[in-house]
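*Asks:* Generate coordinates for the sequence data below:
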Amino acid sequence: MRILRRVLVLTLAVCAASVACAEMPSLETLLRAQAFNKEFEGFEYYRVVIEADQVQSDGTREVVAVASGRFLEHVQRLKVLFLVVGDQVVGGQILEKNGLPPCVSSSHTSNRSL
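*Replies:* From the prediction side, this is the model:
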């Protein structure tokens, strides 16, 4: 009887966790939608790897993600530190950027930030 009760409680806990996780988009999906899709627009493909995900004492998350993609024969790689609150990316800092140079007209240069 004790074993059956433990199995039932464990099953309920797993089901509750699954429902809670199903309601929130995956971290990769969130970063793609709110950050990387714009940077990799027009690329044949790109992939995202989460390198670190640390929950802070205030409930925010610091996430380090690397995205890399291919455009024609060029490859671009970004490593970014994101601040995530709930299901929103509220800030970020590019840690590394390799690959394609910014598109600049040959007639003038611009010093604007992305």
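
*Asks:* Mind listing the strands the helix or strand encompassing Val49 pairs with, and their directions?
*Replies:* Using DSSP states H and E, Val49 falls within strand 45-55. According to DSSP bridges, strand 45-55 forms sheet pairs with strand 61-71 (antiparallel).

*Asks:* Parallel or antiparallel, which strands does the next helix or strand after the partner strand pair with?
*Replies:* Note on strand 61-71: by DSSP H and E, the next helix or strand toward the C-terminus is strand 74-85. Using DSSP bridges, the strands paired with strand 74-85 are strand 61-71 (antiparallel), strand 88-98 (antiparallel).

*Asks:* what comes up buried for the first one?
*Replies:* When neighbours are counted by 16 or more other Cβ atoms under 10 Å, the buried residues of strand 61-71 are found to be Arg61, Val63, Ala65, Ala67, Ser68, Gly69, Phe71. (Each C-beta comes from the backbone N, C-alpha and C, glycine too.)

*Asks:* Check the spacing between the fifth one and Ala33 real quick.
*Replies:* Think Ser68. Noted for Ser68: a distance of 18 Å to Ala33, by Cβ to Cβ, to the nearest Å.

*Asks:* what does the last one give?
*Replies:* Distance of Phe71 to Ala33, given as Cβ to Cβ: 20 Å.

*Asks:* show me where pLDDT drops low in the protein?
*Replies:* Scanning the chain for pLDDT under 70 picks out 1-24, 100-114.

*Asks:* Backbone dihedrals for Leu31, please?
*Replies:* phi -70, psi -40 (degrees, to the nearest 10).

*Asks:* Show me what the nearest residue to it once chain neighbours are set aside bridges to in the sheet.
*Replies:* Excluding its sequence neighbours, the residue lying closest to Leu31 (Cβ to Cβ, 6 or more residues apart in numbering) is Ala65, at 5.4 Å. Legend: beta-bridge partners of Ala65 under DSSP bridges are Ile50, Val80.

*Asks:* Now do the contacts for the closest residue to Phe40 other than its chain neighbours.
*Replies:* In space, and not counting its chain neighbours, Phe40 is closest to Tyr46: 4.3 Å by Cβ to Cβ, 6+ apart. Residues in contact with Tyr46 (Cβ atoms under 8 Å, 6 or more residues apart in numbering) are Phe36, Phe40, Ala67, Ser68, Gly69, Arg70, Gln76.
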